[in-house]
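1. sequence unknown, structure follows:
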């Protein structure tokens, strides 16, 4: 999709991933690989390369509560014969893949005297038009656009729609910006009160459950959907979709009018093909706030 959308030389994944590698641990790990007695499976006694304090949880295949068994009538299933049960499962099994493009709004005016409006700056409008042009020229048939009801997201969405006038769209207040989860590590410049995390977190989690899930069994074709919202919302969605610890959401940075591409397969597997892709914006036009 990135090739079809036409990146202009900026790396597709703009997020930065860091890691720590200790030489002694690597030697121990390498030794376990060549030891003929070492098990080929990932056992409870991990090589020293893996930090025992690092959480390793198995993938939850029914993370969206939409696996086939979750969608059928259980009482009827228990009473049915084997052939009927097989048919019930087949009818409830998704076959389509969902491509969800999460878009951060353009640069906006940080006006302390008007904290609600926060309209786009001239640069923010230019960023949105460049993104709209890239999407319109991608050759992809997008199914719909959903936007946050906050001004900066709504303005960004309508500027994109100028380049894609036939695209169906709607607004949803669940996608508004907020404080999704207390971050680790904490930052000194942003300290919402606990009650804000409690309220915003529930709303943003509801938005995740509403929009990030596998396709319905009734959906026969793969879909491409655009969601124009906010950095905190997108970063939280990334952690939740990948089943990563949600407190890590603030460790990612997303440019204005960047795209994050989430793929949800029919079997519930999730992959992210881009985080914060802003290849349509020249370096001197890129902004992060």
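-> Cool, got the structure. What you see is a predicted model; the values in this text were computed from it and never measured.
2. Pick out the least confidently modelled helix or strand of this structure, by mean pLDDT.
-> helix 23-34 (a mean of 38; mean pLDDT, DSSP states H and E).
3. Based on its surroundings, how many neighbours for residue 52?
-> If you count neighbours by other C-beta atoms under 10 Å, residue 52 ends up with 8. In short, each C-beta sits where N, CA and C put it, glycine included.
4. Kindly apply the preceding question to residue 188 instead.
-> When neighbours are counted by other C-beta under 10 Å, residue 188 registers 5.
5. how about it, what does it touch?
-> By C-beta atoms under 8 Å, 6 or more residues apart in numbering, the contact list for residue 188 is empty.
6. Now do the same for it: helix, strand or coil?
-> Secondary structure, DSSP: H, G, I helix; E, B strand; the rest coil: residue 188 is coil.
7. Ramachandran coordinates for it?
-> In terms of degrees, to the nearest 10, the main-chain angles of residue 188 are phi -80, psi -30.
8. Which pLDDT value does the model give it?
-> We have a pLDDT of 90 for residue 188.
9. Make residue 1 into 35 and carry on from there
-> Understood, numbering begins at 35; the last thing we discussed is residue 222.
10. In which helix or strand does residue 238 reside?
-> helix 228-245 (DSSP states H and E).
11. Which SSE is immediately downstream of that helix?
-> Heading C-terminal from helix 228-245 (DSSP H and E), you reach strand 257-263.
12. relative to helix 228-245, how tilted is whichever helix or strand comes after that following strand?
-> Beyond strand 257-263 in the direction of the C-terminus, DSSP H and E gives the next helix or strand as helix 265-275. Put simply, helix 265-275 runs at 60 degrees to helix 228-245, going by axes from the mean of the first three to the mean of the last three C-alpha atoms, to 10 degrees.
13. From the contact counts, what lies against helix 265-275?
-> The helices and strands touching helix 265-275, judged by 3 or more C-beta pairs under 8 Å, 6 or more residues apart in numbering; DSSP states H and E, are strand 132-138, helix 228-245, strand 293-298, strand 304-311.
14. The third one - what's its average pLDDT?
-> When pLDDT is averaged over strand 293-298, the result is 98.
15. Give me the buried positions along the helix holding residue 238.
-> The neighbour-count check on helix 228-245 (16 or more other C-beta atoms under 10 Å) flags 231, 234, 235, 237, 238, 239, 241, 242, 245 as buried.
16. Perfect, I'm done here.
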